[in-house]
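Novice: structure here, sequence nowhere to be found:
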């Protein structure tokens, strides 16, 4: 099984940010590539075109299944004095599989400096149980350590869908930067899955993530995440995501639209 760092090292990089990759079964989520990896590889290609501004936000549409041999192609939509917008397409054998827009922005001095994103008061990851139950773990989940701190595990018939977790790559060689953080943030299944009483399909449709720091760091690779499903209706669920490092500093927020078939 290729680790995350080995997968990045094996990317075939071409001109103008083009990337070719082979996605193996160990990174699959059902019939498609794990969504966090799709987003991370898209960001990798965008970074080939933008190396002077830090990433500020990502908007990803999961159009169709991603797997096997894929081609990732970025293009600059606009470059301004302080910002750059990059569009990235992921194309597989069946056509376009994902489309992303990444916004990059220069850091500048501001009189505004505050945060209202306090981390939940929880213990350390070493004292927490695994979030995934044996026998109910998708292939890609074997690449991550996910520890449940609050809420319920998937398919437990919970009365609500609010989970707090410690997350990290199992790959000790993973370098923690914006791409790696994006690859990690989507590791837990949708929060609404805690309310399931039996297995059922679900699929991420869109994902928006905002990066809250230029300097991503933490202890031993662990990040604390809180995923909350605010609505579920007509076969779709909308959830929020917040992430902090081990010092309690916010590093990312996001929203996700999920199709549920239950």
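Specialist: Nice, I can see it. Nothing here was measured: the structure is a model prediction, and the numbers come from that model.
Novice: mind listing residues that contact stretch 74-93?
Specialist: For stretch 74-93, contacts defined as C-beta atoms under 8 Å, 6 or more residues apart in numbering pick out 16-18, 38, 41-43, 45-46, 48-50, 53, 64-73, 96-106, 108. (Each C-beta comes from the backbone N, C-alpha and C, glycine too.)
Novice: and it, end to end?
Specialist: Terminal residues of stretch 74-93 lie 18 Å apart, using C-alpha to C-alpha, to the nearest Å.
Novice: could you do stretch 194-206 as well?
Specialist: 20 Å.
Novice: okay, the residue lying farthest from the centre of the chain and residue 121: tell me how far apart.
Specialist: Farthest-out residue of the chain from its mean C-alpha position, per C-alpha atoms, centre = their mean: residue 111, at 30.9 Å. Between residue 111 and residue 121 the distance is 31 Å, computed by C-beta to C-beta, to the nearest Å.
Novice: what about the stretch 1-150 of the chain, any weak spots by pLDDT?
Specialist: Scanning the stretch 1-150 of the chain for pLDDT under 70 picks out 133-136.
Novice: how about the helices in the stretch 1-150 of the chain?
Specialist: Assigned by DSSP state H, counting those that start in this stretch, the stretch 1-150 of the chain shows helices spanning 4-9, 35-47.
Novice: if you compare the ones you listed, which one is most tucked away?
Specialist: helix 35-47 (a mean of 25; mean count of other C-beta atoms under 10 Å).
Novice: mind checking how far it is from the chain centre?
Specialist: Distance of helix 35-47 from the chain centroid (C-alpha atoms, centre = their mean, to the nearest Å) equals 9 Å.
Novice: go on, stretch 146-164?
Specialist: Distance, centroid of stretch 146-164 to centroid of chain: 18 Å (C-alpha atoms, centre = their mean).
Novice: give the buried residues for that stretch.
Specialist: 146-149, 151-155, 158, 161-164 (16 or more other C-beta atoms under 10 Å).
Novice: contacting residues around it?
Specialist: 120, 122-123, 125, 128-133, 136, 165-167, 187-189, 191-199, 224-229, 232, 237, 239.
Novice: looking at the residues you listed, which are in strands?
Specialist: 165, 166, 167, 224, 225, 226, 227, 228, 229, 232, 237, 239 (DSSP state E).
Novice: residues in contact with the second one?
Specialist: In other words, residue 166. Counting by C-beta under 8 Å, 6+ apart, residue 166 has contacts 124, 125, 128, 145, 146, 147, 149, 222, 223, 224, 225.
Novice: kindly recompute the last result at 7 Å.
Specialist: By C-beta atoms under 7 Å, 6 or more residues apart in numbering, residue 166 lies in contact with 125, 128, 147, 149, 222, 224.
Novice: could you dump those residues to JSON lines with distance to residue 77?
Specialist: Compiled in JSON lines, the contacts of residue 166 are given as follows (distance: C-beta to C-beta, whole Å):
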{"residue": "125", "distance to residue 77": "39"}
{"residue": "128", "distance to residue 77": "42"}
{"residue": "147", "distance to residue 77": "39"}
{"residue": "149", "distance to residue 77": "39"}
{"residue": "222", "distance to residue 77": "35"}
{"residue": "224", "distance to residue 77": "34"}
